[in-house]
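Peer 1: just need the structure, nothing else, for what follows:
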Amino acid sequence: MENLEIERKWLIENIKDNLNLEDYSSSEILQAYVSLDNNGNEVRVRQKDAEFFLTAKSSGSLVRQEFEISISKDDFDNFLKLSFSRVVNKTRYFIPCNNLIIELDIYKNNLSVLMTAEVEFDSELSSSEFTSPDWFGREVTEDKLFKNRNLATKGMPDLILK
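Peer 2: Numbers count the residues shown, from 1 in each chain. From the prediction side, this is the model:
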């Protein structure tokens, strides 16, 4: 069976006035890119609160292959050294929306003016039928500038700073 990730991504300019983030569960995420190829394939490690993962993802935008395994903190720390500071640090909020979960990412450090929302789907059809909430901004699913791998290696896209 293929491990497919079907996901869309949007920029968030400001959080809806009545969206109190304290009402939602969240995770602190540190992800570091160990290997990146020119085709868009990547290997990364992620710390999500007290859990650690090694993930390989294929190239693509809306649909990608994804393989993930749990690793130890020691393994994470060793892989982190191989990332050469290609790191993204963010707080992720989990916001229910109908039968889906909006993952609202509020970035930190050199990306601290950036907020994005991602929604994962079980099929391309359900992805195409999804109507984003009114507080979502421009969709950037197909915009490579907003891939986390590029945020980790190139920093904030110039167009967001305007």
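
Peer 1: now the helices: where do they sit in the chain?
Peer 2: Along the chain, the segments classed as helices by DSSP state H run 73-81, 124-129, 148-154, 158-161.

Peer 1: residue 13: which of the ones you listed is closest?
Peer 2: Of all the helices of the chain, helix 158-161 sits nearest to residue 13, with 9.6 Å by Cβ to Cβ. (C-beta placed from N, C-alpha, C; glycine too.)

Peer 1: and that closest one, what's its mean pLDDT?
Peer 2: For helix 158-161, mean pLDDT is 59.

Peer 1: before we move on, the earlier item: for residue 90, find the nearest of the helices of the chain.
Peer 2: Evaluated over the helices of the chain, closeness to residue 90 peaks at helix 148-154, with 8.7 Å, by Cβ to Cβ.

Peer 1: so residue 152 sits against residue 32, correct?
Peer 2: Yes: assessed by Cβ atoms under 8 Å, residue 152 is found in contact with residue 32 at 7.4 Å.

Peer 1: for stretch 38-56, measure first residue to last.
Peer 2: End-to-end distance for stretch 38-56, by Cα to Cα, to the nearest Å: 15 Å.

Peer 1: equivalent analysis for stretch 111-131, please.
Peer 2: Criterion Cα to Cα; first-to-last residue distance in stretch 111-131 is 27 Å.

Peer 1: so which residues make contact with that stretch?
Peer 2: Residues outside stretch 111-131 that contact it (Cβ atoms under 8 Å, 6 or more residues apart in numbering) are 5-13, 15, 62-63, 88-90, 97, 100-107, 132, 136, 140, 146, 151, 155-156, 160-161.

Peer 1: can you list residues touching both of residue 152 and residue 32?
Peer 2: Common contacts of residue 152 and residue 32, defined by Cβ under 8 Å, 6+ apart, comprise 86-88.

Peer 1: sounds good, over and out.
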